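1. give the three-dimensional model of this entry:
(chains A and B)
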2 protein chains.
Amino acid sequence: MSKNLTKRAEDYSKWYNELVVKADLAENSGVRGCMVIKPYGYAIWEKMQAQLDKMFKETGHENAYFPLFIPKSYLSKEASHVEGFAKECAVVTHYRLKNAEDGSGIIVDPDAKLEEELIIRPTSETIIWDTYRRWIQSYRDLPLLINQWANVVRWEMRTRLFLRTAEFLWQEGHTAHATEKEAIAEAEQMMNIYAEFAEEFMAMPVIKGIKTESERFAGAVETYCIEALMQDGKALQAGTSHFLGQNFAKAFDVKFTTKEGNQEYVWATSWGASTRLMGALVMTHSDDNGLVLPPKLSPIQVVIVPIYKGEDQLDAISERVAPLVKELRAKGISVKYDNRDTHKPGFKFNEYELKGVPVRLAIGQRDMDNNTYEVARRDTLEKETIHADEVVSKIEFLMEDIQQNIFKKALEHRRTHITEVNSYQEFQEVLENKGGFISAFWDGTLETEEKIKEETKATIRCIPIDAKEEAGSCMVTGKPATKRVLFAKAY
Amino acid sequence: MSKNLTKRAEDYSKWYNELVVKADLAENSGVRGCMVIKPYGYAIWEKMQAQLDKMFKETGHENAYFPLFIPKSYLSKEASHVEGFAKECAVVTHYRLKNAEDGSGIIVDPDAKLEEELIIRPTSETIIWDTYRRWIQSYRDLPLLINQWANVVRWEMRTRLFLRTAEFLWQEGHTAHATEKEAIAEAEQMMNIYAEFAEEFMAMPVIKGIKTESERFAGAVETYCIEALMQDGKALQAGTSHFLGQNFAKAFDVKFTTKEGNQEYVWATSWGASTRLMGALVMTHSDDNGLVLPPKLSPIQVVIVPIYKGEDQLDAISERVAPLVKELRAKGISVKYDNRDTHKPGFKFNEYELKGVPVRLAIGQRDMDNNTYEVARRDTLEKETIHADEVVSKIEFLMEDIQQNIFKKALEHRRTHITEVNSYQEFQEVLENKGGFISAFWDGTLETEEKIKEETKATIRCIPIDAKEEAGSCMVTGKPATKRVLFAKAY
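-> The predicted structure is shown next:
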């Protein structure tokens, strides 16, 4: 396997695109803007799914499935929602093809036009709230805590693997509550779950915050988010959780009878995370040699490569390795013993480095003689020779240590890439020369936010949850401001 | 919870429709032909998915994800495939909505017409084989063993929950092989896996067989299937596995270099099972009181209902129950302790009967005094009082016994509903009066098959794998025949 990977310092964007393809995560398909998620990439996504699903269920959520299609009229029911999503959607207008009468091939059958066009869901609030109207009558039916794993489509003109694709996979939670307070608590809880997942499983530090009005989800009263920082100094929104107020309940007439016998509109949240997380994972940890995966999400945690000449030597090594493989698997560690005779060890080393396998063991004749293994860790590329008796505990240590080490490294990168500025000039200089998050006072107006975006391409990523109240003045207008917000260029 | 379930003997079809809705499995959505799979139904589907996924992975398959959209031209590349699927597909023609200039609302933007229409996948052979052309160059790339969990759309005019819906969920395996023999072995293996899943997990006996040419998948050389028999004597196809020959390899020009250096077309299979299995599960075991679920697929395996007056008594019962719940969960048994004070025990009994929970424990004051539980099994509705010391082993026994008992019951029903006939008159009488599978000689011609279908609505469900060679004559034409085939009316 020839890596020939562009260096990050040369062209980060090119490095990313090449790496996603070469590491067998995903590739572009023959369908504009749609990707194929390859088995290795999908295996990582499955690990993410399994963990998130577990966290959702532990907090009382159940999965369900709602239709792919949304009637055009549903989308129109919530005013800001349709504004946000009508401009980039796939529209089904017909339900049949037929052979052209002039023999020119297969055409859309004009007699099979739908009475009402169907939109492929860009998100499912409308179809779900149309359903909730039937499910919710009384306070006894609340809270309703539902999640869906699904594909969604947003027509994008400029796409990039995982980061922006016309079709993507995600989960979307949709909850209904009796009170405003409970719904807000749910929206905050889900932001916290995303943050916990990002930090503990993806080893990706995130900043929790709320979006400004202009960056809010179409139809939300408040959007909570987690924001991560990529190695190139650009931010990436890694999950959002929306407090929807009573907007969708009103649009779809979902009322419930309170304990006191009154009729009230239901309070709602929705929250989602998508295959975009795959892009974030790649860009947070990987290096010029390829992927670096956190052990907790790596489909293969340990690879064992035999170094041998001839079948007899391979057989002897295989016999030595077999009980180790068994022992590691019994401990829940995923191991691959790569005894393919079609590829040389050097090729295999490259391949697993490219694919980000956290720990690589190699065993050759000298190791056989000394009862040792060569143990290499992917994150630091360090190698050492370990006695066979100690190799299991070494691997257990490395599973923890690599997970923590790459988190610390990413955290350190972020720490050195959050810059406090107090003037617009300083802001522009930092943005130009260093990137990262820039913490600055803003006067709270859309006008100023848009001016900054137009002039610098930086947006307000969030108003951090833990931002302290302080007296300041907007770096652009000089007007009074009370909190620093985080700006960055973003994916 | 009021059941008011139509009796099976009165109207089996109505019973099914009511049960699916009342047991909270699924319901119709506001979108024509599309269902909402409710949390309880989805939880059963998740258990099916988890088990099938495990069996696929154990046989070397990996998951991946391919686009939802199929360009119209792809569908046309395989001649019989387009014939089979073009007539019932959802067609995306535009990628944007806009506000009508006359203020009449949101309309499809005529300026956003796609150059080439996109079909929502009815099945993914075409998009996948377009991808495999890039993935397969050498014999080293084979076999390629891939599965996808996805939603698909086939436009159906008459739909029924789970059994026939415009959108449904399924898995589709797509494999590529170097030799014909290996591909056939794969197709057979997957039929066997489906059969094992149906019998051991769904407790649903199935007959393995091959389809006649007219019932084959559009584009297949051979279609293997498993056929189950519902309680009303109609058959249901529960999974199919297709040997595709080189049809798709030729249509998408997928060749590989053999070990000897020759260029050859790849051999293919595809295989799928869908949410239709949910309908099969319901119709195989359930009764006039509601669902009967096999313990291996039941989201709740044991429910515990306290019978109490006042909070003190409930507290005492809860204290007694807590260690039992813990012990059962430690054994991997899923338990629900339903201590809701909003519903009476009788209501709860009805609810869990309707939802098919395999074992119900009840505990009231007398049980507290005697240190017992009332144990009720859903399949036979038998109840007995068991000492607390024996309740765990009793439940473990029931998990096995209910699974086996409902399988045996279904097997017995099938045994008494396979009828050998030797004349067409007898065939029609049995079909009319008894239903079930009818085993008869057929001359092997499409003409006879279609005549029978037109006159009786029965189709050839399959030529059983284990059908023995014998000399016979077609029940309709009297022409020589060598094997009995299975006819039935089918879902």
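
2. please look at residue A:175 and residue A:136 and confirm they touch.
-> No: between residue A:175 and residue A:136 there is no contact under Cβ atoms under 8 Å: 11.3 Å. For glycine as for every other residue, the C-beta is placed from the backbone atoms N, C-alpha and C.

3. okay, and for the stretch 151-300 of chain A, where does confidence drop off?
-> Nowhere does the stretch 151-300 of chain A drop to pLDDT under 70.

4. helices of that one, residue ranges please.
-> A:180-200, A:247-251, A:276-285 (DSSP state H, counting those that start in this stretch).

5. so which of those helices gets nearest chain B?
-> Among the helices of the stretch 151-300 of chain A, the nearest to chain B by Cβ to the nearest Cβ is helix A:276-285 (11.3 Å).

6. re the thing from before, any chance of the helices of the stretch 151-300 of chain A in a markdown table with mean neighbour count as columns?
-> Converted to a markdown table, the helices of the stretch 151-300 of chain A look like this (neighbours: other Cβ atoms under 10 Å in any protein chain shown):
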| stretch | mean neighbour count |
| --- | --- |
| helix A:180-200 | 20 |
| helix A:247-251 | 22 |
| helix A:276-285 | 25 |
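
7. contact partners for the residue located most distally from the centre of chain A?
-> Distance from the centre of chain A peaks at residue A:102, with 48.5 Å (Cα atoms, centre = their mean). Counting by Cβ atoms under 8 Å, 6 or more residues apart in numbering or on different chains, residue A:102 makes contact with nothing.

8. so where does it fall, helix or strand?
-> Using DSSP states H and E, residue A:102 maps to neither a helix nor a strand.

9. still on that earlier bit, now the helices of the stretch 151-300 of chain A in a markdown table, with distance to residue A:312?
-> A markdown table is the format used below for the helices of the stretch 151-300 of chain A (distance: least, Cβ to Cβ, whole Å):
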| stretch | distance to residue A:312 |
| --- | --- |
| helix A:180-200 | 46 |
| helix A:247-251 | 69 |
| helix A:276-285 | 40 |
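
10. mind checking which of these is nearest residue A:17?
-> Comparing the helices of the stretch 151-300 of chain A against residue A:17 with Cβ to Cβ, the closest turns out to be helix A:276-285 (10.3 Å).

11. tell me what the closest one is packed against?
-> Here helix A:276-285 touches helix A:12-22, helix A:39-58, strand A:235-245, helix A:391-415, going by 3 or more Cβ pairs under 8 Å, 6 or more residues apart in numbering or on different chains; DSSP states H and E.

12. and the angle for it with helix A:39-58?
-> Going by axes from the mean of the first three to the mean of the last three Cα atoms, to 10 degrees, helix A:276-285 is angled at 110 degrees with respect to helix A:39-58.

13. now helix A:276-285, how far from the centre of its chain.
-> Between the centre of helix A:276-285 and the centre of its chain there are 7 Å (Cα atoms, centre = their mean, to the nearest Å).

14. give the next helix or strand downstream of it.
-> By DSSP H and E, the next helix or strand past helix A:276-285 is strand A:302-306.

15. which neighbours does that next one have in its sheet, and in what orientation?
-> strand A:335-337 (parallel), strand A:359-363 (parallel) (DSSP bridges).

16. and whatever residue of the stretch 151-300 of chain A ends up closest to chain B, how many neighbours?
-> Closest to chain B within the stretch 151-300 of chain A is residue A:155: 4.4 Å, counting by Cβ to the nearest Cβ. Per other Cβ atoms under 10 Å in any protein chain shown, the neighbour tally for residue A:155 reads 23.

17. which residues touch it?
-> When contacts are counted by Cβ under 8 Å, 6+ apart, residue A:155 is found next to A:33, A:88, A:89, A:90, A:166, B:95, B:96.

18. narrow the residues you listed to those in strands?
-> Among those, no member falls in strands (DSSP state E).

19. before we move on, the earlier item: turn the strands paired with strand A:302-306 into JSON lines, columns for mean neighbour count and mean pLDDT.
-> Formatted as JSON lines, the strands paired with strand A:302-306 follow (neighbours: other Cβ atoms under 10 Å in any protein chain shown; pLDDT from 0 to 100):
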{"stretch": "strand A:335-337", "mean neighbour count": "17", "mean pLDDT": "98"}
{"stretch": "strand A:359-363", "mean neighbour count": "23", "mean pLDDT": "98"}
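
20. can you list the ones you listed in JSON lines and add distance to residue B:188?
-> Formatted as JSON lines, these follow (distance: least, Cβ to Cβ, whole Å):
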{"stretch": "strand A:335-337", "distance to residue B:188": "28"}
{"stretch": "strand A:359-363", "distance to residue B:188": "38"}
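
21. run through the bridge partners of residue A:488.
-> Note on residue A:488: beta-bridge partners by DSSP bridges are residue A:459.

22. what residues are up against it?
-> Contacts for residue A:488 (Cβ under 8 Å, 6+ apart) come out as A:227, A:229, A:233, A:234, A:235, A:435, A:436, A:437, A:438, A:458, A:459, A:461.

23. next one: residue A:258
-> Neighbours of residue A:258 in contact, by Cβ under 8 Å, 6+ apart: A:139, A:178, A:264.

24. now do residue A:148
-> So residue A:148 contacts A:63, A:64, A:65, A:66, A:124, A:128, A:171, A:172, A:173, A:174 (Cβ under 8 Å, 6+ apart).

25. mind listing the residues bridging to it?
-> Note on residue A:148: beta-bridge partners residue A:172, judged by DSSP bridges.

26. hmm, residue A:423 is touching residue A:474, no?
-> No: counting by Cβ under 8 Å, residue A:423 stays clear of residue A:474, with 10.6 Å between them.

27. between these two, which one's more packed in?
-> Shown here are residue A:423 and residue A:474; by other Cβ under 10 Å, residue A:474 has more neighbours (17 against 12).

28. name the SS class of the residue lying closest to that one once chain neighbours are set aside, please.
-> Once flanking residues are discounted, residue A:474 sits nearest to residue A:443: 3.6 Å by Cβ to Cβ, 6 or more residues apart in numbering or on different chains. Put simply, residue A:443 is coil when judged by DSSP: H, G, I helix; E, B strand; the rest coil.

29. residue A:443 and chain B: what is the separation?
-> For residue A:443, the distance to chain B equals 32 Å [Cβ to the nearest Cβ, to the nearest Å].

30. just residue A:426 next, same as before
-> Residue A:426 is 41 Å from chain B, by Cβ to the nearest Cβ.

31. just the element for that residue, please.
-> Using DSSP H and E, residue A:426 sits in helix A:424-433.

32. ok, now residue A:133?
-> Here residue A:133 sits within helix A:125-135, counting by DSSP H and E.

33. circling back to that earlier point, write the PyMOL selection for whichever of the contacts of residue A:258 are buried.
-> Of those, the buried ones can be selected in PyMOL as follows, counting by 16 or more other Cβ atoms under 10 Å in any protein chain shown:
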select buried, chain A and resi 139+178
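
34. export the contacts of residue A:258 to a markdown table and append columns for distance to residue A:360.
-> A markdown table is the format used below for the contacts of residue A:258 (distance: Cβ to Cβ, whole Å):
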| residue | distance to residue A:360 |
| --- | --- |
| A:139 | 57 |
| A:178 | 54 |
| A:264 | 60 |
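
35. closest to residue A:388 among the contacts of residue A:258?
-> Closest approach to residue A:388 among those (Cβ to Cβ): residue A:178, at 60.8 Å.

36. quick one on the thing from earlier: mean confidence score for the helix holding residue A:426?
-> The average of the pLDDT scores along helix A:424-433 is 97.
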